[in-house]
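Student: I'll drop the sequence and a predicted model, then ask my questions.
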Amino acid sequence: MRRVLTVVALLTAVAVAGCDDGPRPDLVVKGSPPASPYSGPLRVPAKELDGHGPRALRLASGAAGRALECDGEIFDGSGPDGWSRSDGGATPEEGLALYFDIARPELPDHGYRVERAEPDRVLYSYDVGGRTKVAVVVAKDQKDRPGWGPETDASCDPAELPESFTATTGWEIWTDRAGRRVPVARLHSAPGPEHCDWQSAHFLALDERTYARDPDGVLTRDGLLRAPYRKDVRMPADARDTGYHHRGRRLWLTADRATAYVRTDRGVEAWPLVKEGVGCD
């Protein structure tokens, strides 16, 4: 995953179910083609660069990255991954199923359409409103990998995927003042992981900063917060309403952004910053 996933660096991502028993019946569906189908080459060498910015992701994801139609920047993408001689599928659809078996991406695992097909490559797209939000290129008989399997993949920000899907994942997607879904690359939140005994805590990532709610003191106990969490405070006079909200929580900030002030129907909570480098294995 790309660098913006500060919260997911702390937590364990919720994987979407794979295809252990072969392709599920609705993995690939028929339907109207995209309004603007990808017309570029399907054979685009993937290049790995240091860093995880949009340019690096586009280069790493080859043709799949080029096929996306994101409202914002590309969110994730990669090139050929490890699969052995015995893994390849007999059909392109089996090659797509292999992608979910290997990568376990937090992406929809059904509803893909064939956007482009060539003798040795097929581009599958997951479309929202007629625009490609997830793209996977499967290829036949790659070097040392006979049969069909994934070659490149890419996806837009999770906020651009249907709410019916993201509601089943670990993503808590906020909305802005106008009711628009805020990109996860900008803002997201998630509960703490049980395997670290942090399930009572809650994390919020905004840009490059991560804040935490810690009502039971589990993060305080482990010395992970820069300041104490406070469950009932007066809203600072210089705090402003960002307009961002999620299930009854509204985010307010002061100019220094040292604390996230979260207003609920019960009052105002002060969520402190999490120390840099904090992780949960």
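Tutor: It's in.

Student: where exactly do the strands run in the stretch 101-250 of the chain?
Tutor: 113-118, 121-128, 131-142, 145-155, 187-191, 202-206, 209-213, 240-246, 249-253 (DSSP state E, counting those that start in this stretch).

Student: domains of the protein?
Tutor: Annotated domains of the chain cover 17-160, 170-272 [automatic domain parsing].

Student: Give me the pLDDT for the most centrally placed residue in the chain.
Tutor: By CA atoms, centre = their mean, the mean C-alpha position of the chain lies nearest to Pro158, the distance being 5.0 Å. pLDDT, Pro158: 97.

Student: among the domains of the chain, which gets the worst mean confidence?
Tutor: Lowest mean pLDDT of the domains of the chain: domain 17-160, a mean of 89.

Student: Please state the offset of it from the chain centre?
Tutor: Centroid separation between domain 17-160 and its chain, computed with CA atoms, centre = their mean, to the nearest Å, is 15 Å.

Student: re the thing from before, quick one: the residue nearest to the centre of the chain from Arg177, how far?
Tutor: Distance of Pro158 to Arg177, given as CB to CB, to the nearest Å: 20 Å. To be clear about C-beta, it is placed using only N, CA and C from the backbone, and glycine gets the same treatment.

Student: And Ala154, by the same measure?
Tutor: 30 Å.

Student: Out of the two, name the residue with the larger neighbour count.
Tutor: Neighbour totals were compared for Ala154 and Arg177, and Ala154 leads with 28 against 11 (other CB atoms under 10 Å).

Student: I figured that one hits Glu73, correct?
Tutor: No. Taking CB atoms under 8 Å as the definition, Ala154 is not a contact partner of Glu73, at 11.2 Å.

Student: What's the local residue count around Ile102?
Tutor: Residues lying near Ile102 (other CB under 10 Å) number 15.

Student: contacting residues for it?
Tutor: Ile102 makes contact with Asp81, Gly82, Trp83, Asp87, Pro150, according to CB atoms under 8 Å, 6 or more residues apart in numbering.

Student: Now stretch 108-120: buried residues?
Tutor: Of the residues in stretch 108-120, Pro108, Asp109, His110, Gly111, Tyr112, Arg113, Val114, Glu115, Arg116 count as buried by neighbour count, 16 or more other CB atoms under 10 Å.
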